[in-house]
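S.K.: this one's structure only:
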């Protein structure tokens, strides 16, 4: 009998015998860091927990990965769990936003219910697609909170650390991966609106002249194209020209 045939037979025997691992198996969750930029402010989606542990405190949306019976049905893939949680919490799909795996958080004691490992994801929602959020099954409220005000918020678990890692990731990545900027501006945007998205995400002021040169290079390369219409100025002045990214947004998954 070949090696593959032996493995199939062993697997079949294990199922019949009700095979169980000798090692304890931790639970696995996905936590979603959902960002948007509204009114020149980077915001993150939080839920108020309605059940223990940390009842009444704010947390990231997320949940346990479905594992099935562990033998014939091993549940869902971690990426599928992230997509499911995103849809349940925001009504958005990966086709609507940028979605990418962030990091795995598995420190002992991070969850008082037991050994729980979390695979965190971040999602970027453009300002013109920001959904009206509602609380899920284990939450009593859901809201967008300014990242700059998170030091005033009592966060459950290690979700403050997860957000910090996500903010650092997008701040570094937006400089070389245009998909992030594409996923945080409306479909049609002004040159100033795009510059401010970069400034809000990185926390740095961009020299207007240098940014204009970068913008012009993207236009010359066909990355940015003209969009129909004009954006009315908030005060005195001519309406602003509108642009769009030539490529459609797509998920990181």
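M.R.: Sure thing, it's come through. This structure is a prediction, so every number in the text was calculated from the model and none was measured.

S.K.: Going by C-alpha atoms from here, please, whenever you check contacts or count neighbours.
M.R.: Will do.

S.K.: ok, and what's touching the lengthiest strand in the chain?
M.R.: Longest strand in the chain by number of residues (criterion: DSSP state E): strand 27-38. Under the contact criterion C-alpha atoms under 8 Å, 6 or more residues apart in numbering, strand 27-38 has outside partners 42-45, 60-65, 78, 81-82, 85-86, 115-127, 130, 162-163, 166, 184-185, 197, 200.

S.K.: repeat for stretch 179-192
M.R.: Against stretch 179-192 from outside (C-alpha under 8 Å, 6+ apart): 36-37, 97-98, 124-129, 170, 173-174, 193-194, 197-198, 212, 215, 227, 231, 240-245, 249-250.

S.K.: From those residues, which land in strands?
M.R.: Filtering those for strands - DSSP E - leaves 36-37, 98, 124-125, 227, 231, 240-245.

S.K.: Among those residues, name the buried ones.
M.R.: 36-37, 98, 124-125, 227, 241-245 (16 or more other C-alpha atoms under 10 Å).

S.K.: Going by residue numbers, what spans are helices in the stretch 51-200 of the chain?
M.R.: Taking DSSP state H, counting those that start in this stretch, the helices of the stretch 51-200 of the chain run over residues 78-90, 159-173, 178-182, 191-202.

S.K.: Near residue 247, how many other residues are there?
M.R.: 12 (other C-alpha atoms under 10 Å).

S.K.: contacting residues for it?
M.R.: Residue 247 neighbours (C-alpha under 8 Å, 6+ apart): residue 223.

S.K.: so where is the stretch 101-250 of the chain shaky, pLDDT-wise?
M.R.: Counting by pLDDT under 70, the ranges of the stretch 101-250 of the chain that qualify are 133-139, 234-235, 248-250.

S.K.: Just list whatever residues bridge to residue 245.
M.R.: Beta bridges link residue 245 to residue 224 when assigned by DSSP bridges.

S.K.: Just to check, it is in contact with residue 221?
M.R.: No - assessed by C-alpha atoms under 8 Å, residue 245 is found out of contact with residue 221, at 11.3 Å.

S.K.: what pairs with the longest strand of the chain, and is each one parallel or antiparallel?
M.R.: Counting by DSSP bridges, strand 27-38 is paired with strand 41-49 (antiparallel), strand 62-64 (antiparallel), strand 116-125 (parallel).

S.K.: Not counting sequence-adjacent ones, nearest residue to residue 87?
M.R.: residue 93 (5.8 Å; C-alpha to C-alpha, 6 or more residues apart in numbering).

S.K.: any idea how far that neighbour is from residue 220?
M.R.: 32 Å (C-alpha to C-alpha, to the nearest Å).

S.K.: between the two, who's got more neighbours?
M.R.: When residue 93 and residue 220 are compared for neighbours, residue 93 comes out ahead with 16 against 11, by other C-alpha under 10 Å.

S.K.: surely that one meets residue 82?
M.R.: No - taking contacts as C-alpha under 8 Å, residue 93 lies outside contact range of residue 82: 10.2 Å.

S.K.: one step back: could you dump the strands paired with strand 27-38 into TSV and include distance to residue 28?
M.R.: TSV is the format used below for these (distance: least, C-alpha to C-alpha, whole Å):
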stretch	distance to residue 28
strand 41-49	19
strand 62-64	6
strand 116-125	5
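
S.K.: So for residue 204, which of these sits nearest?
M.R.: Nearest of these to residue 204, taken as C-alpha to C-alpha: strand 41-49 at 13.0 Å.

S.K.: I would like the residues contacting that closest one, please.
M.R.: Taking C-alpha under 8 Å, 6+ apart as the rule, strand 41-49 contacts 33-37, 55-61, 135, 138-148, 200-201.
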